[in-house]
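Peer 1: structure for the following, please:
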Amino acid sequence: MSIMPGEIYGLFVKHENVFCGDLSQWKDDDDFFDSTDFVLDMEGIEIDTDDYKGVYITSAIPNSTFEDISSDEGDEPDGAFILPLKKSPTLDLIESKAAYDSIEEIVEELRESYGSYLPEDYDYKNNIVRAIYAFWG
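Peer 2: Predicted structure coming up:
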């Protein structure tokens, strides 16, 4: 095994207790919600500090109330989730168009993708993040 770098832009969810709605396909016979399978099916990540090191999570939009998280500074995002955006910014110099035209477009995409699994009043805008991390792979 070696340490692999990773990066993801998406929606930050602090704990699995936030998820709601019809999660039946991710529940076992004892009605236990398997958040790991859920997040993997969504192509997101679940931050487990046994596997993830050097985690740094910051807002991906201006004027957000999201407070940065850095495992290097003692913040422990263990048990948090990031559900991915469909598009991510690029450094491709040939393709210089922004991934999204507005923050509202991002929020709408996130609501469409994950709204049935999150509370109606979930604060999408202030939980749009960029995470940089290393993991054992």
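Peer 1: can you pull the phi and psi angles for residue 11?
Peer 2: Per-residue torsions, residue 11: phi -100, psi 120 (degrees, to the nearest 10).
Peer 1: just the helices from this structure, written as ranges.
Peer 2: 35-41, 103-114 (DSSP state H).
Peer 1: buried set for the first one?
Peer 2: What it means is helix 35-41. Buried residues in helix 35-41, defined by neighbour count with 16 or more other C-beta atoms under 10 Å: 35, 38, 39. Just so you know, the C-beta spots here come from the backbone N, C-alpha and C atoms, and that holds for glycine as well.
Peer 1: quick one, what contacts the first one?
Peer 2: For residue 35, the contacting residues are 16, 19, 26, 46, 81, taking C-beta atoms under 8 Å, 6 or more residues apart in numbering as the criterion.
Peer 1: isn't the first one right up against residue 79?
Peer 2: Put plainly, it is residue 16. Yes: using C-beta atoms under 8 Å, residue 16 is in contact with residue 79, at 6.9 Å.
Peer 1: mind checking how far the residue nearest the centre of the chain is from residue 44?
Peer 2: When C-alpha atoms, centre = their mean is applied to the chain, the residue found nearest the centroid is residue 82 (1.4 Å). Per C-beta to C-beta, to the nearest Å, residue 82 is found 5 Å from residue 44.
Peer 1: what touches both of the two?
Peer 2: Both residue 82 and residue 44 are contacted by 8, 10, under the criterion C-beta under 8 Å, 6+ apart.
Peer 1: could you pull out the strands for the protein?
Peer 2: For the chain, applying DSSP state E gives strands covering 3-13, 45-46, 52-59, 69-70, 81-84, 128-136.
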